[in-house]
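A.B. asks: My questions concern the predicted model and sequence given below.
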Amino acid sequence: MDACLSRFHGSGDSHRGLAAINFLDKLLWTAQIDALKLDPAWNNGNPAGPITRGFAISEEIGQMNLTSPAYRVAHTAPSDFPTFVADLKKRAVEDGGAAWNQIRQREAIIAMDLPGEYRVTLAEAAKRVRAKLLVIIRRRTTS
């Protein structure tokens with residue numbers, strides 16, 4: 001499962017005025033990186049077989065952040081929990097290359113801070129971007 005860059009914080013009236021990735025997003029991606037690296041098969045970056053435990057735990061962490069608790073409760077009966085978890089674990093088997101890929105993607109997203117890199121506001125950074133599609137996600141105002 002790939003995490004979604006979902007929340008930004010920052011305010012125009014702060015001393016920096018820069019957008020930054022939300023603390024909870026960084027915590028999510030850091031936990032997923034840690035889960036992959038703690039798998040014994042990761043072998044300190046020299047994979048020694050399929051990364052099954054790390055991907056299973058990373059997927060469980062991701063699922064807790066993918067939807068709201070209300071959605072999960074409404075769509076998964078308590079009696080379906082064992083099947084739900086078993087399915088996650090069954091699908092969460094990848095090799096070392098996939099682990100490296102997910103780790104590096106998350107590290108890149110955590111480090112991403114275009115406004116900070118250019119020392120400009122988010123609006124000024126957006127003006128500098130030359131792309132066919134630019135998505136700027138508004139800060140959440142409700143919990």
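C.D. replies: It's in.
A.B. asks: can you give me the strands in this protein?
C.D. replies: In the chain, the segments counted as strands under DSSP state E are 8-9, 20-21.
A.B. asks: Which of the ones you listed has the lowest mean pLDDT?
C.D. replies: When the strands of the chain are ranked by mean pLDDT, strand 8-9 comes last with a mean of 35.
A.B. asks: For this protein, which residues score under the pLDDT cut-off?
C.D. replies: Within the chain, the stretches with pLDDT under 70 are 1-21, 134-143.
A.B. asks: Now with 50, please.
C.D. replies: Along the chain, segments meeting pLDDT under 50 span 1-19.
A.B. asks: which residues in it form helices?
C.D. replies: Using DSSP state H, the helices found in the chain span residues 23-38, 52-66, 69-75, 81-91, 96-111, 114-118, 122-128.
A.B. asks: Quick one: residues in contact with the second one.
C.D. replies: To tie it back to what came earlier, the one meant is helix 52-66. With contacts defined as Cβ atoms under 8 Å, 6 or more residues apart in numbering, helix 52-66 is touched by 1, 3, 28, 31-32, 35-42, 72, 85, 88-89, 91-94, 98-99, 102. For every residue, glycine as well, the C-beta is placed using N, CA and C.
A.B. asks: Quickly note the distance from residue 122 to residue 131.
C.D. replies: For residue 122, the distance to residue 131 equals 15 Å [Cβ to Cβ, to the nearest Å].
A.B. asks: who has more neighbours, these two?
C.D. replies: residue 122 (16 against 7; other Cβ atoms under 10 Å).
A.B. asks: pretty sure the more buried one is in contact with residue 116, am I right?
C.D. replies: No. Between residue 122 and residue 116 there is no contact under Cβ atoms under 8 Å: 10.1 Å.
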